[in-house]
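**Q** Structure, please.
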Amino acid sequence: MLLDAAREAAAEAVGCRADELVFTSSGTRAVHSGIAGALAGRRRVGRHLIVSAVEHSSVLHAADAHEAAGGSVTQVAVDRAGAVSVQAYADALRADTALACLQSANHEVGTEQPVAEVAAVCREAGVPLLVDAAQSLGWGPVEGDWSVLTGSAHKWGGPSGVGLLVVRKGVRFAAQGPADERESGRAAGFENIPAIVAAAASLRAVRAEAAQEAVRLRELTERIRARVPGLVPDVEVVGDPARRLPGIVTFSCLYVDGETLLHELDRAGFSVSSGSSCTSSTLTPSHVLKAMGVLSEGNVRVSLPPGTAEEDVERFLEVLPGAVAGVREKLGAPAGEAVVRDDVLVVDSLGKRCPIPVIELAKVIGEVPVGGLVRVLSDDEAARLDIPAWCEMRGQEYVGEEPTDQGTAYIVRRVS
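**A** Numbering: from 1, shown residues only. So this is what the prediction gives:
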């Protein structure tokens, strides 16, 4: 009875029938099961899968597994705000397309996607659309004629370890793995009843206040978006300025290591996140920021949960400039080994990690005449994204890149 009641409550919030919704052990499990089941259900049509370049890693990992098993994947690019175009999805559709995937909103920059419009295009082509709605379900149902939907309870303040998988009636779906009698055969294992009840109750609770709270949080995030560029020099605020989630704002700071900045803010009492390229675990750029073509170094993602106080935002804005300045001072990189070769200033940044190559480029750009070239040698993957982003922010011309024996040479022309 508790499980049925929770299912009814969750289905009402999602906007689907109760018998279309099952509970899974996580949002990631819901994504993997949803993609695998939808692809298997339409295997006679073909094995072509469409995803956007900024999907959550769970979707991209599922796409990688599908491709490794012999399927084909088309990754749809996004604009500088992180949004896909409806036409790009229409162009990606093929006769053998079995499934298309699109997130409702991005987890790193908050940009909302045109789900309803893409769903209409897919429906016209007879292709189901799977929507990863983890980021947005707490704010409202996903509009449009989608076919499969996934969500994760911890994203709306519920317990970890509960996911949602919704498969609309009429959608061809073949659950993968050994058959299980629970959850319509789509989620194996005994249900975690207390967590499921808590997930449904929390979803209903946040939805009751979502409209009013969204207005308040949008004002606070707009305040951050508007004031950060004036408080901190050399900052790029990323994500769509209007079509976005209420509580997420993201910006990147030149000449700053993201992880170091996070530690400084943590010491000041602020727990924020980073999609920075300079994570200690990977040292590779955030795939979302990379796909958008924006600055990845010094990235800060601020998530304002429901109930965030205005005074907390004001104090954050007071603390941020000093924190950034402190990190920049600590990272005052030694001048790069700059030499002139064939009238081109060469900066050797080999072996140095983000944001050092950009710092060294900034230090020497003034040493070449207007129209002159700087050649930055780097073996750091983040430089491929950060140097062009720096050029755009500082009004310099990014000429291109060339492979070298030890890494890559990034060529910049001084414009002003």
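**Q** neighbours around Val197, how many?
**A** 18 (other CB atoms under 10 Å). The C-beta positions use only the backbone N, C-alpha and C, and glycine is treated the same way.
**Q** same check, this time on the one 4 residues further on
**A** Neighbours of Ala201 under the rule other CB under 10 Å: 15.
**Q** Touching, it and Ala13? I think so.
**A** No - if you go by CB atoms under 8 Å, Ala201 and Ala13 don't touch, sitting 10.8 Å apart.
**Q** Flag every buried residue along stretch 2-15.
**A** Ala6, Arg7, Ala9, Ala10, Ala11, Glu12, Ala13, Val14 (16 or more other CB atoms under 10 Å).
**Q** and what of stretch 13-29?
**A** Those would be 13-14, 16, 20-29, for stretch 13-29 by 16+ other CB under 10 Å.
**Q** Kindly report the same for stretch 237-255.
**A** Applying a neighbour-count criterion of 16+ other CB under 10 Å, the buried positions in stretch 237-255 are 237-240, 244-255.
**Q** got any ranges where this protein has weak pLDDT?
**A** Where the chain drops to pLDDT under 70, the residues are 275-284, 333-343.
**Q** center of the chain, which residue is that?
**A** Centroid-nearest residue in the chain: Glu108, 3.7 Å away (criterion: CA atoms, centre = their mean).
**Q** quick one, phi/psi of that residue?
**A** phi -100, psi -40 (degrees, to the nearest 10).
**Q** repeat for Glu236
**A** phi -120, psi 120.
**Q** Could you check how far it is from Gly37?
**A** 40 Å (CB to CB, to the nearest Å).
**Q** In contact with the residue nearest to the centre of the chain, which residues are there?
**A** By CB atoms under 8 Å, 6 or more residues apart in numbering, Glu108 lies in contact with Val54, Gly82, Thr250, Gly275, Ser286, Val288, Leu289, Arg301.
**Q** Over to Leu93?
**A** Leu93 sits in contact with Ile50, Ala100, Val121, Cys122, Ala125, Val127, where contact means CB under 8 Å, 6+ apart.
**Q** looking at those, which has the most residues close by?
**A** The most crowded member of the contacts of Leu93, judged by other CB under 10 Å, is Ala100 (28 neighbours).
**Q** A helix includes that one, no?
**A** No - membership of Ala100 in a helix is not supported by DSSP: H, G, I helix; E, B strand; the rest coil, which gives strand.
**Q** Excluding residues flanking it in the chain, which one is nearest it?
**A** Ile50 (4.1 Å; CB to CB, 6 or more residues apart in numbering).
**Q** Can you verify that neighbour is assigned to a strand?
**A** Yes - the assignment for Ile50 is a strand, going by three-state DSSP.
**Q** Just grab the bridge partners of it for me.
**A** Assessed by DSSP bridges, Ile50 has beta-bridge partners Thr74, Ala100.
**Q** could you pull out the strands for the stretch 51-200 of the chain?
**A** 72-76, 97-103, 129-132, 148-152, 163-167 (DSSP state E, counting those that start in this stretch).
**Q** how about the ones you listed, which one is nearest Ser296?
**A** Ser296 lies closest, by CB to CB, to one member of the strands of the stretch 51-200 of the chain: strand 72-76, at 18.5 Å.
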